[in-house]
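A.B. asks: Give the three-dimensional model of this entry:
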Amino acid sequence: MSSRGRVSKLQILGVSASLLGLLAAPLALGCTGFGGNPPPPPPANTGPALPADQVLITVTATSTPSGAVVTGGGTRLGTTPLTTSVPAPRPRPGETQAFAFTFELSGYTTQTITAVPVNGALALNVFLTPVTVGGAPPISPGGLGIRDTPTGVGTLGTPGTLGTPGTLGTPGTPGTPTGPADVAPLPPTADPSEGTGRSFRVQGRGGGVIPDGGQASGTALVTRNCAIDSLAVTLAGSHTYFGDLVVVLEGPDGQRYQLQNHTRANPFRRHSVRRARGHMTAGTWRLVVRDEWRIDSGRLASWSLDFTCQG
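C.D. replies: Next comes the predicted model:
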């Protein structure tokens, strides 16, 4: 090959390398930005800062059935199931705050519960009771089983007398339209407790008649906070057929403990709740005694919680 041919091929290769360098330069600039540094990220939108005397509390609310309107501090928070964050007054050292929430659903009795935040969060759950019409709760198709009895017809128990409802604190001031809703703290209204040291007892509220196909329920507000070493629940009452009953205890963190499920054992006794070990005591505990079969009825006379703290 002649020297002229070799020179021509070298010239062609040099021109090709130059073109590749020119094409690569804009690509490098597009990836790194001018000056070789990556472009800065867009500024984060953190929203308005909370005042120093307030804290954010995460509220999770569920209900059975769902779709209930939840109101706290006089402000509508939404419908169940919901999770939202609301500002609340910052507690002073050693102070325990309780907050009131109302659950409303058409065709069901309105319920108001109080709860104590645990680690900046509130977990609320309620079992709504149908509004009675003509002395009997509505029964959905297929909702209740029918059980034969030796006489063919069961006997209803004598209705009990419900206690006088307690008085709730004054609702707080609604939040501004542009910010989260305010939740007004209530003064602690703990249920009566007994005992000192690691062990103490809290007497539950509520109860009353367990209607045929209905339920009786109660709550216990615990303001003393510790990790549970042992928990026992004691129920007093009566029912004409124990196999009708389902008994459920629900803790402030939403954890449910089934104490009885359609067995013929007498549920009105002391129950040891081993799965509660390690959970915290503070907040609202809820007990539900539900009659799920027809014919029989009864009454929840009283109930209590016996705690032993760890350590």
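A.B. asks: in this protein, which spans are helices?
C.D. replies: In the chain, the segments counted as helices under DSSP state H are 3-32.
A.B. asks: Ser199: neighbour count?
C.D. replies: 13 (other C-beta atoms under 10 Å). Just so you know, the C-beta spots here come from the backbone N, C-alpha and C atoms, and that holds for glycine as well.
A.B. asks: Let me know whether Arg205 touches Thr284 as I believe.
C.D. replies: No - Arg205 lies out of contact with Thr284 (C-beta atoms under 8 Å); the separation is 10.3 Å.
A.B. asks: joint contacts of these two?
C.D. replies: Residues touching both Arg205 and Thr284 by C-beta atoms under 8 Å, 6 or more residues apart in numbering: Thr219, Ala220.
A.B. asks: and those two? which has more neighbours close in?
C.D. replies: Taking other C-beta under 10 Å, Arg205 and Thr284 do not tie; Thr284 has more neighbours (24 against 18).
A.B. asks: For that one, give the beta-bridge partners.
C.D. replies: Leu221 (DSSP bridges).
A.B. asks: Equivalent analysis for the one 4 residues further on, please.
C.D. replies: With DSSP bridges applied, Val288 shows beta-bridge pairing to Ser217, Val248.
A.B. asks: what's the answer for Arg201, then?
C.D. replies: Bridge pairing for Arg201 - DSSP bridges - gives Glu194, Asp306.
A.B. asks: quick one: pLDDT of it?
C.D. replies: Looking at Arg201, its pLDDT stands at 94.
A.B. asks: Surely it and Thr308 touch.
C.D. replies: No - in this structure, Arg201 is not within contact of Thr308 by C-beta under 8 Å, at 10.4 Å.
A.B. asks: which residues of the stretch 51-200 of the chain fall in strands?
C.D. replies: Under the criterion DSSP state E, counting those that start in this stretch, strands of the stretch 51-200 of the chain are mapped to 54-64, 69-72, 75-79, 82-89, 98-104, 111-115, 121-127, 185-186, 193-194, 199-203.
A.B. asks: Kind regards, and thank you for your time.
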